[in-house]
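Novice: Quick one: sequence plus predicted model below, questions after.
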Amino acid sequence: MTDQTAGSNRGAPRTWWGVFSRSKFLSHRGVVFGGTMLVIVLAAALLAPVLAPHDPYQQALLNRLKPPFWMEGGSWTYPLGTDHLGRDYLSRLMFGAQISILIGLATAIISGVLGTSMGLAAGYFGGRVDAVIMFIVTVKLSIPTILVALAVVQLVGGSLQIVILVLGLLLWHQFAVVARAVTMQIRDMDYITSARMVGCSSLRILATEVLPNVLNQIIVVLTLTMASAIVIEASLSFLGVGVQPPLPSWGIMIAEGKEHIFFRPWLVMIPGFALLFLVLSINLLGDGLRDITSPQGRG
Amino acid sequence: MTSSRPLLELRDVSRDFYIKTGIFSPNKILRAVRSVSMTIERGDVLAIVGESGCGKTTLARMLMNVLEPTSGEILYDGRPDNERPPEERSRKLQAIFQDPYSSLNPRKTISSIISLPLRIHGVRDSASVRRETLKIMDKVGLPARLYDNYPNQLSGGQRQRVAIARALILKPEIVICDEPTSALDVSVQSQILNLLMDMRQEFNLTYVLISHNLGVVEHLANKVAVMYLGRIVEMADCETLFADPLHPYTQALLASIMTPDPDLGIPVVELGVAFPSALNPPDGCAFHPRCSKRIPICNLKQPDIILEGERKLECHLFGNGQCDEGTRSKSSSV
């Protein structure tokens, strides 16, 4: 930055880090809070094999239903106590985070690709394509997500892959609506006309001219969809049709803990708070991203 | 390629738009361009002037091959579109748009914006793309250091230079300029106009210039077409038209030019305040409700096209040899 005349890239976003550090990301409270919380959960999930004090599947019936360390009878051997089969609760929580995040990310990506392509097509081509796609979106919006997920998973049998696939096919509508709205604004810009004149195909225009301009709104939707996918997965697992035991899903942990809710409420509260923490962090981050990327946003 | 054929020829080109007025009421037809015929020769600078809403931009978009004409045909180099490979027109015909803020994709670097036509038309080798891009940037007066910058880091004038560079990188034959300077500061306008003229020399270009700035037109064009409500009402050489406008609308347009002399005040234009709706154009000559010289036939019959050498005119005042001298002498004094 010493040589202004030769460099003259007044804040040119050359690198990813340059964009990040120069922009409003670090001064937005929601992004900083949410980001930090999410990094903590992510670290716990990714480093679970290294950090977890015990094997999450190792049962020890002699040590069952131990309370967490801050309560009477708790010990640091099992920092968050043990469940009804004597498995270490902290280790299960950390491996459970892996499942939640995996499902959240995979679902958001599947539904993101699906919904964004539909929205782009609807917004760009308009007319009949738009009418058909918006009809599908309307139909989708009238389908109760949880009920359909329940029915399908019940029918084909629950497993991680099935849950991801079903949720991916059920949560795309927000992407479609947002991508369509933004595309309709961009469609009439002169740079699109110019690309058409030069002879670009529609596919190329959508991929290289429209998509980059839609992407920051899509990233916001991505975070929100991820949060709702995580909650729905927990609900399905709680109801017994999601991820199957002994996988340590948070929903399963809550379901197993509910037997003991009156005398050992922490069995429900610990995974419950973990879920709250993760979803809150993602939502804070998403709201922050929306504030920052929207032109009339605050901050 | 023989040069005897006109570069671009329009035959009875019309374009309608269907306006939805409600679920149950029938669609209305907006006749944006109504059977326009003209030829554009190599080396011409044809200006199309007219007030807002008269169909200039629709005509330009049809020339750009972005809008299909509803009827009529546009011949490029003597042949209609379906007889030529589709790449040819997109190579030879380029455009410069009015608003340099919406004509450059904010997410792409200057270099990728300028080099896009090159890459589309099969230049894959990145070294030669870079060389060509830098060459054209130099020609239009963009410093090479802007190569990796984004449009939001450029001024309006620089952005318009980028648009010009993008239009010229394939060495086209004809460039459609849709009000290329009206979104720019006055101080930058003349720079861009001079650049356009320099480029015309350098690349042997033909321009179609859409404008409502008559000062620009007088300075640049050698042919002028005046448009009113979708029709070309008068077309002539630039000098002839400015010296001796015949159509009352042309006269009013020329009378509306602001002069730098403050004593002259704001020009008085006898046009009234109402612009007729293109959804419901008046019968007969479309201009008659606003015309100060209208005669009884004007609201009954669409005037025929009068050809007088290079000159083309649509007005009852001059039809069938009834070109009355009074109107003519009055007009040249305007």
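Specialist: That came through fine.

Novice: measure stretch B:140-153 end to end?
Specialist: Counting by Cα to Cα, to the nearest Å, the length from the leading to the trailing residue of stretch B:140-153 is 18 Å.

Novice: pull the longest helix from chain B.
Specialist: For chain B, the longest helix by residue count, based on DSSP state H, is helix B:186-203.

Novice: what's next to the following helix or strand past it, contact-wise?
Specialist: Proceeding N to C from helix B:186-203, the next assigned helix or strand is strand B:206-211, under DSSP states H and E. When contacts are defined by Cβ atoms under 8 Å, 6 or more residues apart in numbering or on different chains, strand B:206-211 is touched by residues B:7-8, B:40-49, B:56-57, B:59-60, B:63, B:173-180, B:182, B:196, B:200, B:216-217, B:220-221. For glycine as for every other residue, the C-beta is placed from the backbone atoms N, C-alpha and C.

Novice: Buried members of those into PyMOL, please.
Specialist: Selecting the buried subset of the contacts of strand B:206-211 in PyMOL, with 16 or more other Cβ atoms under 10 Å in any protein chain shown as the burial test, is done by:
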select buried, chain B and resi 7+8+40+41+42+44+45+46+47+48+49+56+57+59+60+63+173+174+175+176+177+178+179+180+196+200+216+217+220+221
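
Novice: The contacts of strand B:206-211 in helices, which ones?
Specialist: Among the contacts of strand B:206-211, the residues falling in helices (DSSP H) are B:56, B:57, B:59, B:60, B:63, B:196, B:200, B:216, B:217, B:220.

Novice: just checking, the first one touches residue B:50?
Specialist: Right, the one you point to is residue B:56. Yes - the pair residue B:56 and residue B:50 passes the contact test of Cβ atoms under 8 Å, sitting 5.4 Å apart.

Novice: Might you enumerate the residues of chain B proximal to chain A?
Specialist: Chain B comes close to chain A at residues B:61, B:64-66, B:86-87, B:90-91, B:93-95, B:97-99, B:102-108, B:113, B:116-117, B:120-121, B:145-146, B:148-150, B:153, B:163, B:166, as judged by Cβ under 8 Å from any Cβ of the partner chain.

Novice: hmm, 6 Å instead?
Specialist: For chain B, the residues in contact with chain A (Cβ under 6 Å from any Cβ of the partner chain) are B:64, B:66, B:87, B:90, B:95, B:97, B:102-105, B:107, B:117, B:120, B:145, B:149.

Novice: still on that earlier bit, got any residues that touch both of residue B:56 and residue B:50?
Specialist: Residues touching both residue B:56 and residue B:50 (Cβ atoms under 6 Å, 6 or more residues apart in numbering or on different chains) are residue B:227.

Novice: Now do the same contact list for the nearest residue to residue A:47 once chain neighbours are set aside.
Specialist: Computed as Cβ to Cβ, 6 or more residues apart in numbering or on different chains, the closest residue to residue A:47 that is not its neighbour in sequence is residue A:94, at 8.0 Å. Contacts of residue A:94 were listed using Cβ under 6 Å, 6+ apart, and they are A:44, A:48, A:52.

Novice: didn't the first one look like it was pressed against residue A:98?
Specialist: Going back to what we said before, that points to residue A:44. No - Residue A:44 lies out of contact with residue A:98 (Cβ atoms under 6 Å); the separation is 9.0 Å.

Novice: quick one: contacts of the strand or helix carrying residue B:240?
Specialist: Taking DSSP H and E as the criterion, the element that holds residue B:240 is helix B:238-243. Residues outside helix B:238-243 that contact it (Cβ under 6 Å, 6+ apart) are B:218, B:221, B:222, B:224.

Novice: What residues sit buried inside that helix?
Specialist: Those would be B:238, B:240, B:241, B:242, for helix B:238-243 by 16+ other Cβ under 10 Å.

Novice: which regions of the chain sit below the pLDDT cut-off?
Specialist: Using chain A. Judged against pLDDT under 70, the low-scoring parts of chain A cover residues A:1-25, A:293-299.

Novice: my question was about chain B
Specialist: Across chain B, the stretches falling below the confidence threshold (pLDDT under 70) are B:1-4, B:81-84, B:86, B:258-262, B:264-276, B:319-334.

Novice: and the helix or strand containing residue B:112, how far from the chain's centre?
Specialist: Assigned by DSSP H and E, residue B:112 falls within helix B:110-120. Helix B:110-120 has its average C-alpha position 25 Å from the chain's average C-alpha position, going by Cα atoms, centre = their mean, to the nearest Å.

Novice: If you count neighbours, what's buried in that helix?
Specialist: Counting neighbours by 16+ other Cβ under 10 Å, the buried set in helix B:110-120 is B:110, B:111, B:112, B:113, B:114, B:115, B:116, B:117, B:118, B:120.
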